[in-house]
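**Q** please find the sequence and the predicted model below.
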Amino acid sequence: MSETTAKYKLDREINSILATDCGSTTTKAILIEKMDGVYRLIVRGEAPTTVEAPFEDVTMGARNAIREIEELVGKSLLSEDGVITPRRDEKTGVDIYLSTSSAGGGLQMMVAGVVKSMTAESAQRAALGAGAIVMDTIAIDDGRKPHQKIERIRHLRPDMILLSGGIDGGTVSHVAELAELIAAAEPKPRLGIGFKLPIIYAGNIDARTHMKNILGEKVDLRIVDNLRPVLEKEVLGPAREEIHNLFMEHVMAQAPGYNRLMQWTEIPIMPTPGAVGICIQNTGEQYGLDIVGVDIGGATTDVFSSVGGVFNRTVSANLGMSYSICNVLLEAGVANIMRWVPFDIDEGDLRNRIRNKMIRPTTIPQTLEELIIEQAISREALRLAFEHHKSLATGLKGVQIQRSMADLVNQTGSGASLIDMMNLGILVGSGGVLSHAPRRIQAVMMLLDAFLPEGVTRLAVDSIFMMPQLGVLATVHPKASAEVFDRDCLIRLGTAIAPVGQARFGEACLTVDVTMPDGRMVKGSAAYGEIKSIPLAEGEKAEVEIHVTRSFDVGRGRGAALRTQVEGGVGGIILDARGRQPFGLPEDKAGRIAKLVEWIKSLDVYPIDVFEKLVK
Amino acid sequence: MAHAYTPGLKVTQEAVLKKRRRLPLLGEVLVKEGEEVTPETVVARTELPGNPHTVAVHQILGIEPEHLPECMVVKPGDKVAKGQIIAKYAAFFGLMKRDAKSPIDGVVEVISPVTGQVTLREPAIPVQISAYIKGKVAEVLPQEGVVIETKGAFIQGIFGVGGERQGVVKIAVDSADAVLTPELIGPDCQGKIVVGGSLVTGAALKKAAEVGAAGVVAGGIIDTDLIELLGYDIGVAITGHEDIPITLIITEGFGRIRMADKTFSLLKAVDGETASINGATQIRAGVMRPEIIVPGHQPKNKADTQDLAEGMTPGTPIRIIREPYFGMLAEVVELPPELVVIETEAKVRILKAKLADGRVVTIPRANVEIIEG
C-alpha cells in the first residue's frame, strides 16, 4: 500500500498498535509492532461481538478479543478504563488503539436527490463510499407517487438521510419538494427513541434557507457543500466527512457501550466498509493499477473499485453466504448455481440444504460435496454483487461529452460503467469463503469464474480479513498500515492471463514465453476451452510475452502480442483460455460437467481421490 | 474461537422469562410495576402522526408557487373535511375560476410558496402494544414500554414465520417422528397451536389455516411448501411480519427431520395449556429465534435442568446440523483438543460422537448443537 498522507497527526513515536474491528458477529483484534524497523502483525484475537442482548455492551467483546492477545503475547493491554495508551513499558500498554465497527447493523442510510440518475445517484455514491448500507433512494422521478415515497420514508428507520438536488444557482423548487416530503413523513431514527433524525443537506446552495424553514424544526439538519455544484462535477468529500461525524456523534453514541469504546481511542471509530475502502484505494495507488476488491460476508457483499483514481463502493445488502444465502438462490436461480457443480444433485435437496445453512449460519462444509456446493453459491453471489457494482460505478450521467472520430467506432454514452475488465489490474478477495478456502487455488477459481477478468490481472486474497483495521490505521500511520498490508495481509495468488474471444474447443488460443526470475525460459500454451498454470511462487516476478491467435485479444487488440510483468502466487501464471464475451461454459449438462471436471483437475483444485469418487 | 459450537436452542420446562415491550415512539405506559397482566392487556400506547397528503395546489389552480398563499382559504392548523375547498383562484374579472379541494379529513400542515404544494395530515393513528404473555410487570420504562416477567415452559424453534399469537397447545400426532397431515387437523383445532412431529405438509398447513388454528409447530417443512404458504420466497432470514393467518414454528430445519425427543416431550407435557407463540426469526447478531412460551406451567419433575456453563463434555446429547449426518441425534464421545484435517482439507476442531445406531463418527464442532435443558 502506498504511503498516503495521514489524516490525523500524532505527536509521538508509534511502535505498537492495537486495532479492533467490531463486526456484526465477531470482534477481531490485531496487535502490530515495529520489529527491526518494520511494522509487522504480531498476533490476532477474536471473540463474539456483544452489542446485542443479553450483553448490550460492545466493549465486552472488544475486551475478550484483546484479552486473547494479552494471553498470547504475555502483555498487559487492558485496564479498568480501557486500553492502556500510551505504552508504559515493554509489557504494558500500546502506543495507540484504533477501532472500526459494523456491529448493530452498521450504518444504515436513506438518500434522496432530485433526478434519479444524477443527484440521487451522486448521493448514493457518497453514502456507500462512507461505508453505509443504502436502504432506499428517493428521487422526484423514481416512478413512485408522492404518497408512496412518504409511506416508504415513514416505514424505514434509517440512521440518517442524505438529501441532495440541484446545481448551485439552479432551481430550488424540486429539492424543496423533496424536503417537504421528508418533513411530512416525520422520519424517526433507528436508534435512540425520542431523538431527532439527522439529515445532511448537500444540494443547491440557494435552497439552504428553504431547507432550514422546512426541516429545521423537525430534524437535526446539517448543511454541507453541494454534491453536484455543477453538472459536470461530483464533490463527495464534504458529505462523506459529515456522514462519518454523524456516525460517531449519533449512531455510535446510541449503540450499546460505544460511548465507552469511543473514550478508549483518540481517533474516531470508522464504519468498517469505509476503512476497507481506504485500504483498497491505497493498494490501487501503490500498484498504479485499476483495482477491484470484494468482501463477501454472511449477510452482505461489498464491492470496491478504484479506477483511474475514482473510488466507488457498493453494498449488495442481501447477497451473502449465510443469513442471506437464500437470496442468492432467489436472485441467481438454481440453474445458475448448478452450472458450477460438476455432479448431479436433486434440486429439492439443494434448496433444503441452502435453507438449512441460512438458519444455522455458523456450520461449515464437512464433505467435499458440501464444499463444492458452497463455493458454487459464492460464485453467483460474487457475480451478482459485481454486476450491481458495475451498474453504479459509472461516469456522471447527463453530462455532455465531446466526441472525436474514434468514438464513432467505440461509442459509450455518459454514465457508462467505469469498470473496464481489460484494464483491471488487480482483483482482491476477502471474506470467509475466499479467505478460508482449504486450498488457495479454490479462491483463484472462484474469483476467475465470478468476475471473469480479461487480459492480465493479478489476483490476491486478504489472509485474515484485517483490511478494516489497516484502513483506519492508514488515517493515522500510513507507513505502518502499508507495511503490514504488504507483508502480513495480502496473499498473492498469481496472475491470470485471459484472452477475450471465442473459438471451437481445442483450437489454438494462447501461447506465452516466460522469462523466470532465475533467467530460465519457459513456454506455455492453452487451447480454447482450457485452463492451465505455469508455477511461479509467491513473491516472484516474471517477464511474459503473450501471443494470441487472430480471434483473441489480450489487451492490445485482436491477434496482437503483449509483453508484461506478472506476479507469482499459489496459482502461478494462470492461462485462462476458457473464453470471454462469452465465457465458454457448455450449456448441455454432459459437456458442462466434463469441462468443469477438466478444469478442476488441471489446476488441482480439490483433493483428487475424493473428487474422483464424487463425480463418478 | 470462543464458541466452537452452536449453543443450541432452549427447551426448558421451567424458566423465568422477561419480555421487553416497547413502543415505536415515545408515548404513555398504562400499567404499573408489579401489576398482573394477560396477553391481551394493553400495556402502553402512543399516537403515530397521521398519514400526510401533499396536494400540488399551484398546478390545480394554474398559478406560480409564490402566489399560493394569497389563494389559500385555509391556514396551517385549520381542520378540513374531505371535499372542502382549500384554495381558490379567479382571473379575467372572475370569468375564469378554479378551486382546489381537500382529498381527506385532516389538518392543514404546510402551505409552501416554494413548491406550490399544500401538506394535509390525516388524524393521528393510535398505536398500542399488548403484554403478549401472561405475567406481571417487572419494570416500567417511562414513556417507552414495560418489561413483563413470567415463569413457565420455554421452547425455541429454529425458524418461523408469522407474528405473536396465543392459543391452547394441541398435540396432533403420536410420535416425534410422525408427519402432520391434513387428516389430523379438524375443526377442534380452531384457535389452537397444533403440534406435529417430523414434518408439516403443505396441505396440513393449508387445512390448519382453514380451520382457524393459531399456529403450527413441527420438526421440519419442505422448502416449496413454505413458499406456497407465504406466496413468495424468503431471501433473508428476517421474519415475523408476514401477512399470513397462522404462525408456523419449525424446531429442527428444512426437510423431514424427527423433532428432538426433548422438545416433543415438553410439548406433550404442556398439551391443553395456553401458550404465547411468535414466529419472528432473525439470524444475525443478536439471534432471534421463534418461541413457544407456556406461562404458569408446573413441571412434574425437575430432572431436566442441565448446567451448560461448561459447554460440551463426553456424554452431552447433541444434534448434528449439517450434512452428511444432518438432523441425527448423537452423544459426545470424545473432544480432541487438536485441529484435525477433514475431507474438505480444512483444519478444524472436531468431536467424536456416537449416533443412535451405534456408529461413532467425526464431526466438526461447528456442525453440532447441544440439546439444551
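**A** Here it is on my side, so go on.

**Q** is chain A within reach of stretch B:48-58?
**A** Yes: judged by CB under 8 Å from any CB of the partner chain, stretch B:48-58 and chain A are in contact via B:49, B:51, B:52, B:53, B:54. Where C-beta positions appear, they are placed from N, C-alpha and C, glycine not excepted.

**Q** show me the shaky parts of chain A.
**A** Along chain A, the parts satisfying pLDDT under 70 run over A:1-5, A:52-54, A:105, A:398-415.

**Q** any chance of the residues of stretch B:48-58 next to chain A in a markdown table, plus neighbour count, distance to residue B:39 and pLDDT?
**A** Listed next are those as a markdown table, based on neighbours: other CB atoms under 10 Å in any protein chain shown; distance: CB to CB, whole Å; pLDDT from 0 to 100:
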| residue | neighbour count | distance to residue B:39 | pLDDT |
| --- | --- | --- | --- |
| B:49 | 17 | 28 | 81 |
| B:51 | 19 | 29 | 84 |
| B:52 | 24 | 34 | 86 |
| B:53 | 19 | 36 | 89 |
| B:54 | 22 | 40 | 88 |
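
**Q** out of the residues you listed, which are inside strands?
**A** B:52, B:53, B:54 (DSSP state E).

**Q** what's the local residue count around residue 44?
**A** Looking at chain A here, since you left the chain open. The local packing of residue A:44 (other CB atoms under 10 Å in any protein chain shown) involves 20 other residues.

**Q** meant chain B, my bad for not saying
**A** The burial metric for residue B:44, expressed as a neighbour count using other CB under 10 Å, is 24.

**Q** how far away from the center of its chain is the helix or strand encompassing it?
**A** Mapping residue B:44 onto the secondary structure by DSSP states H and E places it in strand B:42-48. Centroid separation between strand B:42-48 and its chain, computed with CA atoms, centre = their mean, to the nearest Å, is 20 Å.

**Q** so residue A:293: helix, strand or coil?
**A** Look at residue A:293: counting by DSSP: H, G, I helix; E, B strand; the rest coil, its state is strand.

**Q** which residues sit in contact with it?
**A** With contact set as CB atoms under 8 Å, 6 or more residues apart in numbering or on different chains, residue A:293 has these partners: A:276, A:279, A:280, A:283, A:303, A:304, A:305, A:427, A:428, A:429, A:430, A:467.

**Q** repeat that for 7 Å
**A** A:280, A:304, A:428, A:430 (CB atoms under 7 Å, 6 or more residues apart in numbering or on different chains).

**Q** what is it paired to in the beta sheet?
**A** residue A:304, residue A:428 (DSSP bridges).

**Q** how close does it sit to residue A:270?
**A** Separation of residue A:293 from residue A:270 (CB to CB, to the nearest Å): 16 Å.

**Q** that older thread, can you list contacts of the strand holding residue B:44?
**A** With CB under 7 Å, 6+ apart as the contact definition, strand B:42-48 has outside contacts at B:21, B:23, B:25-31, B:37, B:124-131, B:145-146.

**Q** for that strand, what is the average pLDDT?
**A** The predicted model assigns strand B:42-48 a mean pLDDT of 92.

**Q** quick one: strands adjacent to it?
**A** Strand B:42-48 has its sheet partners listed here by DSSP bridges as strand B:28-29 (antiparallel), strand B:125-130 (antiparallel).

**Q** will you turn those strands into a markdown table that also has mean neighbour count and mean pLDDT?
**A** Compiled in a markdown table, the strands paired with strand B:42-48 are given as follows (neighbours: other CB atoms under 10 Å in any protein chain shown; pLDDT from 0 to 100):
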| stretch | mean neighbour count | mean pLDDT |
| --- | --- | --- |
| strand B:28-29 | 16 | 96 |
| strand B:125-130 | 14 | 91 |
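
**Q** can you say which of the ones you listed is nearest to residue B:235?
**A** Closest to residue B:235 of these is strand B:125-130 (CB to CB; 28.4 Å).

**Q** might you list the low-confidence residue ranges for the stretch 201-350 of chain B?
**A** Within the stretch 201-350 of chain B, the ranges that satisfy pLDDT under 70 run B:284-286, B:301-311.

**Q** okay, and residue B:59 sits in which element?
**A** Taking DSSP H and E as the criterion, residue B:59 maps to helix B:57-61.

**Q** any residues touching that helix, and which ones?
**A** Surrounding helix B:57-61, the residues in contact under the criterion CB under 7 Å, 6+ apart are B:64, B:65, B:68, B:71, B:87, B:89, B:98, B:100, B:116, B:117, B:118.
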